[in-house]
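> build me a model:
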Amino acid sequence: MLIRRAQANDDFQVVAQLYLDVWRATYTGMLPAAFMAQLTPASWHPERRWQETWLAFDEAGQLIGTCAAGPARAVTRSGWGEIYSIYVRPTAQHHGVGRRLMTAAMAALTPVYPQIYLEVLAANRSAQAFYHQLGFTQKGTVHTRTVPQGKISVVELSVDA
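Reported below is the predicted structural model:
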């Protein structure tokens, strides 16, 4: 397995397809069906954040995971780092890919930010368990957001760098 920073000339359509594949495999039943139905690879633009993205490739050179992290987007978390996303193909999960991606992202964030946070779906217990293994703990309550297709509940987790 190879973990590396994304480069400007990477094929970000492949990354967007990975996002879609993982969302379909992971979030069906957790997110409103109408929301899931409208997603396509064009729903994501990983090329916009390529400087803050890590990619994981298997021995055959196929993309099996990605993680994006950088400065916090929420104004209430000014001065914090944020894990924006981490997606690992279901066939590559439970083989250390996610842990290695998170290790790479955290290594870049910890020298710069005293605290790092992420948001995870409240219903995604397996992801929450994964983040807890990495030292993240729940801060605060579940937040519910309304999207045109329904409601989405998320939990904020954080860790001191």
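
> gap between Pro90 and Ser78?
As judged by C-beta to C-beta, to the nearest Å, Pro90 and Ser78 stand 35 Å apart. Every C-beta, even on glycine, is put in place using the N, C-alpha and C of the backbone.

> now swap in Pro111 and tell me
With distances taken as C-beta to C-beta, Pro111 is found 18 Å from Ser78.

> burial of Arg4, as a residue count?
12 (other C-beta atoms under 10 Å).

> I'd like the numbering to begin with 28 instead of 1 from here.
I'll keep to 28 as the first residue from here, and by that count the last item is Arg31.

> strands along this structure, start to end?
According to DSSP state E, the chain carries its strands in the segments 29-32, 80-84, 90-98, 108-115, 142-148, 164-174, 177-187.

> any idea how far the last one is from the chain center?
Taking C-alpha atoms, centre = their mean, to the nearest Å, one finds the center of strand 177-187 at 12 Å from the center of the full chain.

> show me what counts as buried in it.
For strand 177-187, burial by neighbour count (16 or more other C-beta atoms under 10 Å) applies to 179, 181-186.

> can I get these in JSON lines with distance to Ala134 and pLDDT?
Converted to JSON lines, these look like this (distance: C-beta to C-beta, whole Å; pLDDT from 0 to 100):
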{"residue": "Ile179", "distance to Ala134": "30", "pLDDT": "84"}
{"residue": "Val181", "distance to Ala134": "25", "pLDDT": "90"}
{"residue": "Val182", "distance to Ala134": "24", "pLDDT": "93"}
{"residue": "Glu183", "distance to Ala134": "22", "pLDDT": "92"}
{"residue": "Leu184", "distance to Ala134": "18", "pLDDT": "93"}
{"residue": "Ser185", "distance to Ala134": "17", "pLDDT": "93"}
{"residue": "Val186", "distance to Ala134": "13", "pLDDT": "92"}
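
> of those, closest to Gly56?
Nearest to Gly56 among these is Ile179, at 13.0 Å by C-beta to C-beta.

> any idea of the pLDDT on the residue sitting furthest away from the middle of the chain?
Ranking residues of the chain by C-alpha distance from their mean position (C-alpha atoms, centre = their mean) puts Ala87 at the top, at 23.3 Å. As predicted, Ala87 sits at a pLDDT of 96.

> give me the phi and psi for it.
In terms of degrees, to the nearest 10, the main-chain angles of Ala87 are phi -90, psi 0.
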